[in-house]
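Chemist: Here is my input; please provide its structure:
(chains A, B and C)
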Amino acid sequence: MNIEIKFNGQTKSLTVKTTQSLLSALREDAKAKEVKDGCSEGDCGACTILMDGKAVNSCLVLAPAADGCEIVTVKGLGDASNPSTLQRGFVTSGAIQCGFCTAGMVVSAKALLDTNPNPSRAEIREGLAGNLCRCTGYQKIIDAVECAAQKNNS
Amino acid sequence: MSEVKYFRPKSYKELNDLLDQLPDFFLAVAGTTDFIPATRNGAPYPDAILDISQVAEFLLIKKDDLRISIGAAVTMADLFTNKIIVENAPALASAAKSLGAPQTRNRATIGGNIANASPSADTAPVLLTLNADVHFLAKDGSTRQIPLTGFFQDYKKTAMRADEIITGFSFDAPASDTWSRFAKIGQRNGATISVVNMAVLISKEGTRCTDLKVAFGAVGPVPLRSPSVESLATGKIMDQELIGKCAKALQLDISPISDIRGSAEYRRDVAANILARALTDAFA
Amino acid sequence: MSFKDKNFRIVGKPMPRHDAWEKVLGNVSYAGDHEIPGMLHVKVLRSEYAAARLIAIDTSAALAVKGVETVLTAEDVPNNETVTKFGQTHTVGGFEGLYRVLAEKKVRFFGEAVAIVAAKSPEICDEALKLIRVEYEPLEGVFDPAEALKPGAYLVGEDDSNLICQYKVRKGDIGAGFAKADVIVENTYRVPQVDHAYLETECGSAWLAEDGVLTIRASTQVIEHFRGIAEVLGLPQNKVRVIAPMVGGGFGGKEDITVETFLALVVFKTSKPCTMTWTREESLLSHGKRHAYTMKYKTGASSDGKLVALEVDILSDAGAYVYLSPWILLYSTVKATGPYNIETVKVDARTVLTNNIFASANRGFGGVQVCFAYERQMDEVAKALGMDPLELRRKNFLHQGDALATGRVLEHAVETEQTAINVRKMLGEKTVSDKANILIGQGIASSMMSYGRMTFLHDTSRSYVSIELDGSVTIRCGVQDIGCGQKSSLASIAAEVLGVELTDVTVYFGDTALTPLAGTTTATRQLYMSGNATLKAAQYIRDNLLNKGAEVLKVAVEDLDLADNKLVVDSDPSLAMPLAELVKICASDGVELFNLAQFNAPAREFMDFTTGQGQVFADFTFGSHGIEVAVDTDTGKAEVLKYVSSYDVGQALNTLSAEGQIEGGAIYGLGYGMTEEILYEKGRALNANLATYLIPTAMDVPDIEVDMIESHGGIGPFGAKGLGEPSSVPSAPAFVNAVCNAIGKSLSELPATPERILRALKN
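Modeler: Residues are numbered from 1 along each chain as shown, chains lettered A, B, ... in the order given. Now for the predicted structure:
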């Protein structure tokens, strides 16, 4: 079946199977390789995207359920000429090691700051509990989000 | 293999209108956070997927006088941020907030959590202590409701018929001076499945327990109330001796198994301990 | 050279990593992101038995499925069985392991690869996999290494014994040692198999280049497997090319061949490009795990706290194939005493085949299991003596100039004692609990962990540095970057030495065709090895530039420096020259502006295995962790309230990176202590997904307070020591020591789950 999504600001038409996951549709049909597959079962958060503004695991969304929705990936948050404060924060805080969790982590952080612009470190940890990272121990990721929140609010 | 049909009605009327188009083997889904892992692990696809996550009436939380109703498609995120729930059933908000992780909570629904009928479902114990009713709509357009206490029959077997879907839940708002708690014991803090969970709803007059509702999950094939504890404590003065007796009485009603998350012995010990802790804290 | 006085511009500063931007913008193409038109998808049929005779495989029905290109079994592999030689450069005889691409004769573990399918889509692969008919004769198997050593035990392989190898260390007269002891403490410690759980599973793509070179682009820590792949296919080594793009986590799990031979086989047979990505379940079931060990420790101490005797017995479960087990066991054997000076020592270690998943490299490589044992044992001995655990350690720490039980003298900086003092200080006073069911405890653990490979492997590394005509810098180095900044460090080194900015350096990495081979990204060796090679190459160019500069400006070479993209004269700032101008002069005069350097690690011969004496490692990194926990006696749950970590890093190349490594390593190790374990039933893993194999989430861990000592006493560039593995080694014992301190009971098994803690409280 055909679905129409708003993908990082642009309208996109995709042909999908009813039982296909949104993750698969994004990676294979929309060629959005920045959305990663870490487990396909909603346990790791590597595939996190914003769907109508809410952070979801795209591996646990059926592609047809995304019809008519606004989908934002990490590439929709900023680019080289105009990165978001969050992306800047991740770079300057040393929050990136292997980088595989980063795309999903940044999207989750964005969703957190959208609902809670001034989170405590404990609240940041809670907001990112669905995004596993094996390299950093999370600390500099928390630093990055805290830094971005401060910059956004100054 | 012909493609699985997919329906996503936007309103109760639209849903009703398409009911007779549905094949016999259809499944209602909403957040699909249980559906997708299940099918990946071998559960058969239905002939049609009925996605009820956008049915406007199923997204509502209402309070009419004392009666609170929650639509089946209300997500965990909506539950714990909703004023009616936070003010009237804080234990339900607590349970919703503890389920999974933020991404899951944006999609997982109360209807799905109950319909999936995992013994460790986090909203189940709270709804059981609230004496909630579960509401159904059948393929032939008829509706019914039953107490949730009669819903869970055996491991992943429920009173819902194959031609029915859950449309929502309703319960009387507890009095404003009741004491409640939801406790979730997992193997880690974030994104964890309950090894034991518990809901407690207490009415008291001074040190006397005038009403006690206690429910547990992951300590038997279904989420359950503990009549042994409830009958022992109701009407009595709550002291350390009675608390000890309650912790013992609990063992009569639960039958945990050992699985990869924990042993039966651990579940018995923890269930007793967190019950005793709740009763101690409630009457401190 | 002026940066000798350590006025670094780049080294030792907190710098954003060289490759951070492309990662945060979502622009990096990892091994599973690469698409080639017409590429086939490849999937593996895996054994449903842990032990079975493989009688017949019928692939005809699978081959008949529309869209299936090929179905391959062992008989389709030109050389299905090869021998794993551990050293890439110096072959060491004696301990060689059998490597099979696809199962043959017998399957040895649940999940062993039996056949591969290549088809137009992953769905068609799945359909075909279901139609492959395999005839198995289930065999009894053996799942416990002690059982596997008994006479008449089921034989896992084709040898007449399941014992792979054994080592020993003997120092002094152990009997006399125990006779002197005032207390003797005996314990058995058990640690399970655990997984790396990198976020990126094993994956890659492969194709036949237009010149016939078989090219593989895979998530790997070792591009030098091109030799092994060539051997499997019967091709010349220069006809196989391996590229490692940015790797989404390795930790040792991508050190052995994973997808490479499967992909290469499909290209070899079909000439078509192909891709493969393992599912998380497949990854958990089928790639090598950290070894499960049973470790018996018997310690004798005098009443004043001197350790007079230590007897250790290690039994290691190697799982189904040899892989790196002998080397991991050697690490354990040498490090079994911990960073302590013990009067008499007897260590015996054995590693044994079983039908569990094969065990291989995992961060710590044998050094981490024994750290759990020796650091738990130190606390138990302290308890028996009624002594403070820090005080006991301080009475026994090895110092620079002391010898290990293997006779090897520690000639470089040894700051363990200072790190232990630091963590105790950083932990501070114990938090006071105001709740009846919360018990507070503190624990410390110290460790020694080598960096650099075993010296009898005669390790080498190569790096090529050049300056372009506009003064920008290029590095070509075969380094594999698994997220620790292996690539970025080289840029830092070259930028420092050549006086340019980090952003003026481009690094080409991880390609056997186009970058000089730097050796494996394993054994915490890259900063030491490719770092030193890059330093050597950059210094060569710098010397050429400064010599020409001295000639042109008519000043002494000692008065010159390179900084801020300029040649500067220390005594006269007005005489500066833009670097690009100097470069052009050099180019015009035929001065070499490039260098391919090789760094050779100090080479030794094999240690004497009859006496257990000799040198195995070039150097060690010493550090300590300190943890405070709050244990809930209702549930057994231990919350980490405080985590402190102190290391002698030698010289931090990038303080942000070094901290990140220490923080990340601590949490990786904390998972080992708190929740991680592969649960087995007759060789079948029961928890093969991330909902049941539990690693720490952001909500499970606190901030870590990091302290770095910079002794400059390492043998890496600028006196650096390696951090990758050392940062993770003492976490589990620090955690368990804290829990034991809280509950007043002893725990000897990992992980220290809430259930195990509650059980200890009850007993």
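
Chemist: Any idea how many residues pack against the closest residue to chain B within chain A?
Modeler: In chain A, no residue comes nearer to chain B than A:Gly130, which is 2.7 Å away by C-beta to the nearest C-beta. C-betas here are computed from N, CA, C, even on glycine. A total of 29 residues lie near A:Gly130 under the criterion other C-beta atoms under 10 Å in any protein chain shown.

Chemist: can you check the one 4 residues further on too?
Modeler: A:Arg134 sits with 26 neighbouring residues when counted by other C-beta under 10 Å.

Chemist: Likewise for C:Thr294?
Modeler: Here the neighbour count serves as a burial measure; for C:Thr294 (other C-beta under 10 Å) it reads 18.

Chemist: ok, it - contacts?
Modeler: With contacts defined as C-beta atoms under 8 Å, 6 or more residues apart in numbering or on different chains, the neighbours of C:Thr294 are C:Pro145, C:Ala146, C:Thr188, C:Tyr189, C:Arg190, C:Ile314, C:Leu315.

Chemist: on that earlier part again, in three-state terms, how would the residue of chain A closest to chain B be classified?
Modeler: Following DSSP: H, G, I helix; E, B strand; the rest coil, the label given to A:Gly130 is coil.

Chemist: pretty sure it is touching B:Pro102, no?
Modeler: Yes. Counting by C-beta atoms under 8 Å, A:Gly130 sits close enough to B:Pro102 to count as a contact (5.2 Å).

Chemist: which residues do these two both contact?
Modeler: The overlap between the contact sets of A:Gly130 and B:Pro102 (C-beta under 8 Å, 6+ apart) consists of A:Ala55, A:Ser108.

Chemist: residues contacting residue 27?
Modeler: By default, I'm working from chain A. A:Lys33, A:Val35, A:Asp37.

Chemist: Oops, wrong one, chain B.
Modeler: B:Phe35, B:Pro46, B:Ala48, B:Ile49, B:Leu50.

Chemist: So what pairs up with it in the strands?
Modeler: On DSSP bridges, the residues paired with B:Leu27 through beta bridges are B:Ile49.

Chemist: For C:Val414, see how far away it is.
Modeler: Between B:Leu27 and C:Val414 the distance, using C-beta to C-beta, to the nearest Å, works out to 64 Å.

Chemist: just B:Arg188 next, same as before
Modeler: Using C-beta to C-beta, we find B:Arg188 at a distance of 36 Å from C:Val414.

Chemist: quick one: which of the contacts of B:Leu27 is nearest to chain C?
Modeler: Each of the contacts of B:Leu27 was checked against chain C using C-beta to the nearest C-beta; the closest is B:Phe35, at 15.4 Å.

Chemist: Tell me if I'm right that the closest one and B:Val29 touch.
Modeler: Yes. With contact defined as C-beta under 8 Å, B:Phe35 reaches B:Val29; the gap is 4.8 Å.

Chemist: And the closest residue to the residue of chain A closest to chain B other than its chain neighbours, how close does it get to A:Gly68?
Modeler: Nearest in space to A:Gly130, with sequence neighbours left out and distances taken as C-beta to C-beta, 6 or more residues apart in numbering or on different chains, is B:Ala101 at 2.7 Å. From B:Ala101 across to A:Gly68, the span is 26 Å (C-beta to C-beta).

Chemist: Between the two, which is the more surrounded one?
Modeler: It is B:Ala101, of B:Ala101 and A:Gly68, that has more neighbours when counted by other C-beta under 10 Å, with 28 against 12.

Chemist: show me the contacts for the closest residue to chain C within chain A.
Modeler: Of all residues in chain A, A:Cys98 sits closest to chain C, at 2.7 Å by C-beta to the nearest C-beta. Applying C-beta under 8 Å, 6+ apart to A:Cys98 gives the contacts A:Arg134, A:Cys135, C:Tyr198, C:Leu199, C:Glu200, C:Met246, C:Val247, C:Gly248, C:Gly249, C:Ile482, C:Gly483.

Chemist: Which helix or strand contains the residue nearest the centre of chain A?
Modeler: In chain A, the centroid-proximal residue (C-alpha atoms, centre = their mean) is A:Val107; its distance is 2.7 Å. When elements are defined using DSSP states H and E, A:Val107 is found to belong to helix A:102-115.

Chemist: can that helix be found next to chain C?
Modeler: Yes. Remark: helix A:102-115 sits within contact range of chain C at A:Thr102, A:Ala103, A:Val106, by C-beta under 8 Å from any C-beta of the partner chain.

Chemist: for stretch C:44-64, the distance to its chain's centre please.
Modeler: Between the mean C-alpha point of stretch C:44-64 and the mean C-alpha point of its chain there is a distance of 33 Å (C-alpha atoms, centre = their mean, to the nearest Å).
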